[in-house]
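Chemist: please work out how this folds:
(one chain, ligands or ions: 2)
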Amino acid sequence: MTETKPEPRSELLVNITVNGSKTSELIPARTLLSEYVREYLFLTGTHRGCETAKCGACTVLLDGKAVKSCNVLAAQANGHNVTTVEGLDDNGKLSPIQQSFWDNHGMQCGYCTPGFVIAATALLNEIPDPTVDEIRFNLAGNICRCTGYTKIIESVQDASQRILKGS
Ligand code: FES
Ligand code: FES
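Modeler: Numbering: from 1, shown residues only. Ligands and ions are numbered 1, 2, ... in the order given. Below is the predicted model of the structure:
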């Protein structure tokens with residue numbers, strides 16, 4: 001019988017700025033960014049759903065761009081800035097997008113919501129006054145099993161107007 005050798009453990013030190021704070025952890029090289037924020041930093045607002053880059057529940061901002069953190073190695077974020085849903089508020093005050101989702105009932109169970117809020121943040125940073133088609137197109141990578149999407153789109157439209165009016 002042939003013995004199988006155990007896989008060599010490959011660990012590396014990563015330095016990632018998360019929600020404005022520098023973090024530094026020794027991690028297995030294959031650690032996903034979603035695992036890094038949840039299991040090393042305890043930022044559990046980033047949800048894990050499909051873990052195959054389909055549902056968008058794990059969306060975070062990487063240097064301002066929305067990425068599915070189950071599809072990015074933490075090592076790839078080394079030296080970069082990551083924002084999770086916990087980093088969007090302003091000293092405890094919800095961001096306009098978070099507030100709009102709340103006020104417009106842009107959620108039911110809420111499992112998909114952090115991913116939608118992050119994806120909407122990236123969208124409105126790039127297109128401040130998007131059309132409904134642009135909202136649908138840019139949020140197409142996020143799946144919601146509850147809302148039917150109408151309330152989510154209304155929330156993003158409302159957030160856009162709040163931000164444009166500076167409220
Ligand atoms: Fe990452 Fe579904 S958990 S896309
Ligand atoms: Fe339940 Fe979107 S609110 S999955």
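Chemist: residue contacts, residue 162?
Modeler: By Cβ atoms under 8 Å, 6 or more residues apart in numbering, the contact set of residue 162 is 96, 99, 100. (C-beta placed from N, C-alpha, C; glycine too.)
Chemist: change it to 10 Å
Modeler: Residue 162 makes contact with 95, 96, 97, 99, 100, 103, 124, according to Cβ atoms under 10 Å, 6 or more residues apart in numbering.
Chemist: endpoints of stretch 28-41, how far apart?
Modeler: Start-to-end span of stretch 28-41 (Cα to Cα, to the nearest Å) is 15 Å.
Chemist: how far does that stretch sit from its chain's centre?
Modeler: Remark: stretch 28-41 is offset 14 Å from the chain centroid, using Cα atoms, centre = their mean, to the nearest Å.
Chemist: got it, and stretch 127-145?
Modeler: Worked out by Cα atoms, centre = their mean, stretch 127-145 lies 15 Å from the chain centre.
Chemist: now stretch 115-128
Modeler: Using Cα atoms, centre = their mean, the offset of stretch 115-128 from its chain centre is 10 Å.
Chemist: buried stuff in that stretch?
Modeler: Neighbour counts over stretch 115-128 (16 or more other Cβ atoms under 10 Å) mark 115, 116, 117, 118, 119, 120, 121, 122, 123, 124 as buried.
Chemist: now swap in stretch 159-167 and tell me
Modeler: Result for stretch 159-167 [16+ other Cβ under 10 Å]: buried residues 159, 160, 162, 163.
Chemist: how close does the third one get to residue 103?
Modeler: In this case it means residue 162. Between residue 162 and residue 103 the distance is 9 Å, computed by Cβ to Cβ, to the nearest Å.
Chemist: how about the buried residues of stretch 159-167 in TSV, adding pLDDT, secondary structure and distance to ligand 2?
Modeler: As requested, the buried residues of stretch 159-167 are arranged in TSV below (pLDDT from 0 to 100; DSSP: H, G, I helix; E, B strand; the rest coil; distance: Cβ to the nearest ligand atom, whole Å):
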residue	pLDDT	secondary structure	distance to ligand 2
159	98	helix	17
160	98	helix	20
162	96	helix	21
163	95	helix	23
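Chemist: ok, back up a step: which of the contacts of residue 162 lies closest to residue 52?
Modeler: The closest of the contacts of residue 162 to residue 52 turns out to be residue 97 (Cβ to Cβ; 26.1 Å).
Chemist: SS state for that closest one?
Modeler: At residue 97, secondary structure determined by DSSP: H, G, I helix; E, B strand; the rest coil is helix.
Chemist: what residues are up against it?
Modeler: Residues in contact with residue 97 (Cβ under 10 Å, 6+ apart) are 88, 106, 116-121, 123-124, 155-156, 158-160, 162-163.
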